[in-house]
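Peer 1: next come a sequence and a model predicted from it.
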Amino acid sequence: MRKGTTLWKGRLFGMLALLVCFSLLSLLVACLVGSASMEWQSLPSAFFELLRGEPASLTATLLQLRLQRLFAAFLTGCSLALAGVMMQALLRNPLADPYILGVSGGASVGALFMLFVGGMVWMVHAAALTGAVAVAILLYGLVRRELGQNANTDGSTQLLLTGVVLALGCGAVITLLLSIASDGHLRGMVFWLVGDLEGADMNWLSVLVLITVMACMFRMARSINLLALHSEEAVALGVNVALVRKALFFCGALLTACAVTNAGSIGFVGLVVPHFCRMTFGADHRLLLPAATLAGGSFLVLADLLARVLFMPHQLPVGAVTALIGVPVFLFQLYRFRAN
């Protein structure tokens with residue numbers, strides 16, 4: 001038993017070390033490549049200039065601007081991928097993603113309304129967070145009874161249907177705002193709706209939320225493994241299913257709210273990355289949760305790199321790039337799943 005535990009821990013640390021190295025490599029490549037390329041030999045001196053708070057050289061200034069965007073992309077990708085794993089475990093549905101319960105729709109309504117009236121950037125972020133939290137609270141109020149039951153196989157279905165209806169309602173409001181918006185506001189509204197990292201910055205509140213949720217979910221990983229199989233079996237094995245469901249719901253909604261507030265509705269990260277990690281590393285959430293988190297951050301950093309360089313000097317919304325990558329990747333994953 002002890003030997004098996006040692007082997008599993010060795011596999012866990014080995015896989016996570018590999019993913020950490022890949023994440024650092026993706027960040028390094030994204031720092032060097034862009035409309036104005038940088039030599040890798042100049043990075044150390046530019047980095048030390050930033051640490052001293054004196055970005056005097058052009059390389060240091062460019063590195064500062066890129067690091068802000070890259071860290072925001074990595075943080076957003078981590079949050080979306082982790083939320084995707086949690087939503088798929090909560091709903092026991094392979095098509096579940098962070099946006100399926102309508103939380104992102106609430107954020108979009110708040111942000112687009114503030115863009116519609118010409119609000120400042122911090123007002124857009126505040127309105128997006130307020131809209132996401134409002135929809136999450138409304139959704140919990142509607143399905144509180146189902147989430148609070150230990151052995152209720154219909155609770156996930158009720159939650160899913162209610163979330164989809166709320167998402168459709170938010171979609172109708174979004175369509176109304178887009179249809180009556182002026183030409184001057186429409187472009188910014190569409191870019192935010194698709195998902196765009198231009199002007200995004202690393203939010204330390206989002207970092208704290210991600211670390212806290214990751215620690216909480218890792219402690220519950222064994223219970224999530226049992227819940228993903230069947231709620232009645234989990235209850236029989238002593239799992240407090242109601243507590244795990246509520247934790248998955250609130251933590252997933254909070255991560256989604258932070259990610260959408262920071263970068264808009266970037267699709268496919270929370271859908272494709274968890275499936276890829278599940279097929280590569282297995283379904284054990286003790287490994288799947290941190291693996292998907294790191295892979296999601298790296299995926300969005302590389303997708304943002306493509307958004308910046310494909311049509312230089314013009315930049316694409318990163319949500320369009322993730323969709324173009326995500327559709328064929330998901331279809332390939334589905335083909336492999338059917339073949340097996």
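Peer 2: Structure received. Residues are numbered from 1 along each chain as shown.
Peer 1: Leu226 contacts Gly238, doesn't it?
Peer 2: No: when contacts are counted by C-beta atoms under 8 Å, Leu226 is not listed as touching Gly238 (9.2 Å). Quick note: C-beta positions are derived from backbone N, CA and C, even for glycine.
Peer 1: those two: who's more crowded?
Peer 2: Between Leu226 and Gly238, Leu226 has the larger neighbour count (other C-beta atoms under 10 Å), namely 19 against 8.
Peer 1: quick check: which helices or strands does the helix or strand hosting the more buried one pack against?
Peer 2: Following DSSP states H and E, one finds Leu226 within helix 221-229. Under the contact definition 3 or more C-beta pairs under 8 Å, 6 or more residues apart in numbering; DSSP states H and E, helix 221-229 sits against helix 58-91, helix 231-236, helix 241-263, helix 285-309.
Peer 1: switch to 10 Å and redo it
Peer 2: Contact here means 3 or more C-beta pairs under 10 Å, 6 or more residues apart in numbering; DSSP states H and E; on that basis helix 221-229 packs against helix 58-91, helix 204-219, helix 231-236, helix 241-263, helix 285-309.
Peer 1: among those helices, which comes closest to Gly105?
Peer 2: helix 241-263 (9.3 Å; C-beta to C-beta).
Peer 1: just the CA trace of that closest one, in CSV.
Peer 2: C-alpha atoms of helix 241-263 as CSV (Å, rounded to 0.1, in the frame of the first residue of the first chain):
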residue,chain,number,x,y,z
VAL,A,241,-22.3,15.0,-1.3
ALA,A,242,-24.2,18.2,-0.5
LEU,A,243,-21.1,19.9,0.8
VAL,A,244,-19.0,18.9,-2.2
ARG,A,245,-21.7,20.0,-4.6
LYS,A,246,-22.0,23.4,-3.0
ALA,A,247,-18.2,23.8,-2.9
LEU,A,248,-18.0,22.9,-6.6
PHE,A,249,-20.8,25.3,-7.5
PHE,A,250,-19.6,28.3,-5.6
CYS,A,251,-15.9,27.9,-6.3
GLY,A,252,-16.6,27.3,-10.0
ALA,A,253,-18.9,30.3,-10.2
LEU,A,254,-16.3,32.5,-8.4
LEU,A,255,-13.5,31.5,-10.8
THR,A,256,-15.6,32.1,-13.8
ALA,A,257,-16.7,35.5,-12.6
CYS,A,258,-13.0,36.5,-12.0
ALA,A,259,-11.9,35.2,-15.4
VAL,A,260,-14.7,36.8,-17.4
THR,A,261,-14.4,40.1,-15.5
ASN,A,262,-10.7,40.3,-16.4
ALA,A,263,-10.7,39.2,-20.1
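Peer 1: tell me the angle that helix makes with helix 221-229.
Peer 2: 100 degrees (axes from the mean of the first three to the mean of the last three C-alpha atoms, to 10 degrees).
Peer 1: could you tell me the angle between the helix or strand Leu271 falls within and helix 58-91?
Peer 2: Per DSSP H and E: Leu271 is located in helix 269-281. Taking the same axes, to 10 degrees, one finds helix 269-281 and helix 58-91 inclined to each other by 80 degrees.
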